[in-house]
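Enquirer: Generate a structure from the sequence data that follows.
(one chain, ligands or ions: 2)
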Amino acid sequence: MATPPKRSCHVPASPTLSDSFWRKEKKISIEGNIAAGKSTFVRVLQGASEDWEVIPEPIGKWCNVQNESDDVSKELSSSQKSGGNLLQMLYDKPSRWSYTFQSYACLSRVRSQLQSPSIKLQQSEKPVQFYERSVYSDRYVFASNLFECGDLSDTEWSVYQDWHTWLLKQFTPEIHLDAIIYLRAQPQRCMQRLLQRGREEEAGLPLEYLEQLHFKHEAWLHHRSLRMDFDYLNDLPVLTLDVDDEFKKDRIKQEVLIDKVRDFLTTL
Ligand SMILES: Nc1ncnc2c1ncn2[C@@H]1O[C@H](COP(=O)(O)OP(=O)(O)OP(=O)(O)O)[C@@H](O)[C@H]1O
Ligand SMILES: Nc1nc(=O)c2ncn([C@H]3C[C@H](O)[C@@H](CO)O3)c2[nH]1
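Expert: Ligands and ions are numbered 1, 2, ... in the order given. You can find the predicted model right below:
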């Protein structure tokens, strides 16, 4: 008996947007270690062009998980609705919360990677959406590191990888990136910035954790030696920007970085 054709489960991000918009729009992920300066850098990008839109990392959702969708929750007060601070729970007890955190982080990233562009971007000639991290760093940097540290069990890591591959394949090509910008900073520099920023949840993070994440970013984006389940990622263009230097208050250094991004975009 002939095998019936596979039914496509994918849902277009926005059926009302024209094909030509999706063809010309570029999706770029900004990757880098904790406190390397991604949010700072995307703020600079946001102000640099009308054609550029930034999708921030949904950290607010992780620090204040909400029970919004079930019927019972309508009757609850806002404190009862709170599902807690998952980032804090992860850092306090990684062996208990890593799987939950990675599942939720990935779900919220899929949602933001599928987000429709603003009206302004839809009218742009050269639209670009920049994402703060991606569903790929979720797996190949963070989850993979937690598995190597023993905070995800063999079973949790297998289950995570199985649904991650399956889920992302349902959203091909909408979720595909066109390129990555890697903000490269030494772990010691990231630690210095992390301490200076003073986010409460991160207070006890050791330098060793930042070193492990640095090693993962380097293998993925510098040496390009990671084996990945998504073939297209192996050939994805990567722009590496050294961000060890102070650029936050230096307009000239910011312009240099923006020019590098503009040049990179012309090659895509
Ligand atoms: N180039 C820079 N020079 C000096 N300070 C910087 C620079 N980049 C970022 N900072 C400072 O370092 C701290 C961390 O930066 P930021 O929040 O942008 O990091 P991030 O990469 O977005 O962090 P996370 O991984 O947690 O999302 C902030 O206090 C920021 O002001
Ligand atoms: N475990 C883990 N998996 C992720 O996918 C992930 N993405 C971000 N983070 C942590 C880093 C910062 O503390 C904080 C803000 O970036 O959240 C993550 N942690």
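
Enquirer: going forward, measure contacts and count neighbours with C-alpha atoms only.
Expert: Fine.

Enquirer: contacting residues for the closest residue to ligand 2 within the chain?
Expert: With C-alpha to the nearest ligand atom, the shortest gap between the chain and ligand 2 falls at Asp138, namely 3.7 Å. Applying C-alpha atoms under 8 Å, 6 or more residues apart in numbering to Asp138 gives the contacts 102, 105-106.

Enquirer: confidence score at it?
Expert: pLDDT for Asp138: 98.

Enquirer: For my notes, confirm it occurs in a helix.
Expert: Yes: counting by DSSP: H, G, I helix; E, B strand; the rest coil, Asp138 falls inside a helix.

Enquirer: Can you pull out the low-pLDDT segments for the stretch 151-268 of the chain?
Expert: Counting by pLDDT under 70, the stretch 151-268 of the chain contains no low-confidence residues.

Enquirer: what about the closest residue to ligand 1 within it, which SS state?
Expert: Closest contact between the stretch 151-268 of the chain and ligand 1, by C-alpha to the nearest ligand atom, is at Glu246 (3.2 Å). Counting by three-state DSSP, the backbone at Glu246 sits in coil.

Enquirer: On the three-state scheme, Ser29 is what?
Expert: Reduced to three states by three-state DSSP, Ser29 is strand.

Enquirer: and the gap between it and Val54?
Expert: 10 Å (C-alpha to C-alpha, to the nearest Å).

Enquirer: what about those two, which has more around it?
Expert: Ser29 (24 against 19; other C-alpha atoms under 10 Å).

Enquirer: Let's verify Glu174: helix, strand, or coil?
Expert: Glu174 is classified as coil under three-state DSSP.

Enquirer: Could you do Gly83 as well?
Expert: strand.

Enquirer: part of a strand, is Ile180?
Expert: Yes: the assignment for Ile180 is a strand, going by three-state DSSP.
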